[in-house]
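**Student:** Provided below for reference: sequence and predicted model.
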Amino acid sequence: MEANMPKRKEPGKSLRIKVISMGNAEVGKSCIIKRYCEKRFVSKYLATIGIDYGVTKVQVRDREIKVNIFDMAGHPFFYEVRNEFYKDTQGVILVYDVGQKDSFEALDAWLAEMKQELGPHGNMENIIFVVCANKVTALEMIDCTKHRCIDESEGRLWAESKGFLYFETSAQTGEGINEMFQTFYVSIVDLCENGGKRPTTNASASFTKEQADTIRRIRNSKDSWDMLGVKPGASRDEVNKAYRKLAVLLHPDKCVAPGSEDAFKAVVNARTALLKNIK
Ligand code: GTP
Ligand code: MG
C-alpha cells in the first residue's frame with residue numbers, strides 16, 4: 001500500500017482522510033475552512049498559531065468520509081511547527097489572494113516546502129491539490145484600494161498545468177466554497193478507489209507544457225520583440241517565421257490552455273506593430 005493511502009475501517013464504505021491547507025499568511029485559509037464547516041465569515045484577522053485541527057464528516061456517493069483538517073499557519077515563523085504535518089496527506093488546499101501577487105508567486109515555494117518535508121520517498125503524485133484563488137468578489141466591494149492582480153486565466157493555467165483543481169473562491173460571500181470542497185472530496189475518493197493514483201482525466205492532459213510555458217512567457221514579455229521571441233531589429237522574415245510558429249501553437253482552435261486566446265491576440269498585435277516599422 002502507498003505511504004499516503006488513507007486508513008479504511010470498512011472497505012468500500014467509510015474512509016478516513018487527511019487534508020491540509022497551505023499558502024501565505026492572511027490569504028484566507030482559515031476563513032475558507034470556517035465558511036465551509038461553520039457557514040460564517042470572520043472579517044477580523046486572527047493569525048493561525050502553528051496549526052489548527054478539526055474533524056468533519058462528509059458524504060461522497062455511498063461513502064461516509066471522515067475528514068481530518070489540518071489548517072496550517074502561513075507565516076514563515078511557524079515553519080518548524082508546520083513541517084511535522086505534511087506526511088500522510090491525501091488532499092491539499094493551496095490558497096492565494098488574488099489581490100496579492102506575492103501570495104500567487106509563493107505557491108511554488110509552498111510545493112517545494114512540502115516536497116522537502118516528504119523526503120525522497122514522498123510522492124506528491126498521489127495527492128489531490130485544489131488551488132483556491134481567494135477573495136475574488138470581496139475586493140471590489142470592501143477594499144477599493146486593492147485590485148485583482150492575478151486574473152483567472154493566469155491562476156488556472158498555473159493550476160491546470162500541474163494537474164491541480166482550480167476554483168475562484170470568496171470566504172466572505174461563500175462564492176465557490178461548497179463547489180470547491182465537493183469536487184475536492186470527490187477527487188480524493190476517486191483517487192482512493194483508483195489505488196492511490198490520480199485519475200487520468202486531469203485537465204493537464206488537454207494542453208502541453210510547451211503551450212503553458214509559452215503563454216506564461218508572452219504574459220511576461222517586455223515588448224513586441226520579446227513577445228515573438230526575436231532579437232530587436234530582426235527582419236520581416238524572422239518576425240513572420242516566429243509569428244507562424246506561435247500561431248500554430250496557440251491558435252484557439254488548437255489550444256485549450258487558459259489564457260491562450262489572449263496570448264494569441266497579443267502575438268497578432270505584436271507582429272502587426274513590428275511589421276509596420278520594418279522596411
Ligand atoms: P494565517 O493563519 O496567518 O496563515 O492566515 P490565513 O490564510 O488563515 O488567513 P485568514 O483566513 O485568517 O484570513 C486573513 C484575513 O483575510 C482576515 O482578515 C479575513 O477576514 C480576510 N479574508 C479571508 N477570506 C476573505 C475573502 O474571501 N474576502 C475578503 N474580503 N477577506 C477575506
Ligand atoms: Mg489561518
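**Tutor:** Looks like it arrived, so ask away. Ligands and ions are numbered 1, 2, ... in the order given.
**Student:** Compute the distance from the centre of the helix or strand where residue 156 lies to the centre of its chain.
**Tutor:** Using DSSP states H and E, residue 156 falls within helix 152-161. Centroid displacement of helix 152-161 relative to its chain, using Cα atoms, centre = their mean, to the nearest Å, is 7 Å.
**Student:** For it, buried residues please.
**Tutor:** For helix 152-161, burial by neighbour count (16 or more other Cβ atoms under 10 Å) applies to 153, 154, 155, 156, 157, 158, 159, 160, 161. (C-beta placed from N, C-alpha, C; glycine too.)
**Student:** Off-centre distance for the helix or strand just after that helix?
**Tutor:** As assigned by DSSP H and E, the chain's next helix or strand after helix 152-161 is strand 165-168. Put simply, strand 165-168 sits 6 Å off its chain's centre (Cα atoms, centre = their mean).
**Student:** send the alpha carbons of strand 165-168 over as PDB?
**Tutor:** Below are the C-alpha coordinates for strand 165-168, written out as PDB (Å, rounded to 0.1, in the frame of the first residue of the first chain):
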ATOM      1  CA  LEU A 165      -8.000  21.600  -9.500                       C
ATOM      2  CA  TYR A 166      -8.700  25.300  -9.600                       C
ATOM      3  CA  PHE A 167     -11.500  27.300  -8.000                       C
ATOM      4  CA  GLU A 168     -12.300  31.000  -7.600                       C
END
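**Student:** Enumerate every residue touching the spatially closest residue to residue 90 that is not a sequence neighbour.
**Tutor:** Excluding the flanking residues, the one nearest residue 90 by Cβ to Cβ, 6 or more residues apart in numbering is residue 17, at 4.6 Å. In this structure, residue 17 makes contact with 6, 65, 66, 67, 68, 90, 91, 188, 192, judged by Cβ atoms under 8 Å, 6 or more residues apart in numbering.
**Student:** Ok, residue 114 next?
**Tutor:** Residue 114 makes contact with 22, 86, 92, 124 under the criterion Cβ under 8 Å, 6+ apart.
**Student:** which is the next helix or strand following whichever strand or helix holds it?
**Tutor:** Taking DSSP H and E as the criterion, residue 114 maps to helix 107-118. Per DSSP H and E, the first helix or strand lying C-terminal to helix 107-118 is strand 128-134.
**Student:** does ligand 2 sit close to that following strand?
**Tutor:** No. Judged by Cβ under 5 Å from the ion, strand 128-134 stays clear of ligand 2, getting no closer than 11.8 Å.
**Student:** Just the C-alpha atoms of that strand, please, in PDB.
**Tutor:** Extracted C-alpha coordinates of strand 128-134, given in PDB (Å, rounded to 0.1, in the frame of the first residue of the first chain):
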ATOM      1  CA  ILE A 128      -5.100  15.800  -4.800                       C
ATOM      2  CA  PHE A 129      -4.300  19.600  -4.900                       C
ATOM      3  CA  VAL A 130      -7.000  22.200  -5.200                       C
ATOM      4  CA  VAL A 131      -5.900  25.800  -5.800                       C
ATOM      5  CA  CYS A 132      -8.200  28.500  -4.400                       C
ATOM      6  CA  ALA A 133      -7.900  31.900  -5.900                       C
ATOM      7  CA  ASN A 134      -9.400  33.600  -2.900                       C
END
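**Student:** Give me the helices and strands touching that strand, please.
**Tutor:** Secondary-structure packing of strand 128-134 (3 or more Cβ pairs under 8 Å, 6 or more residues apart in numbering; DSSP states H and E): strand 91-97, helix 152-161, strand 165-168, helix 177-193.
**Student:** any chance of these in JSON lines, plus mean pLDDT?
**Tutor:** Listed next are the helices and strands packed on strand 128-134 as JSON lines, based on pLDDT from 0 to 100:
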{"stretch": "strand 91-97", "mean pLDDT": "97"}
{"stretch": "helix 152-161", "mean pLDDT": "93"}
{"stretch": "strand 165-168", "mean pLDDT": "96"}
{"stretch": "helix 177-193", "mean pLDDT": "94"}
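**Student:** can you list these in CSV and add distance to ligand 1?
**Tutor:** Formatted as CSV, those follow (distance: least, Cβ to the nearest ligand atom, whole Å):
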stretch, distance to ligand 1
strand 91-97, 6
helix 152-161, 14
strand 165-168, 10
helix 177-193, 9
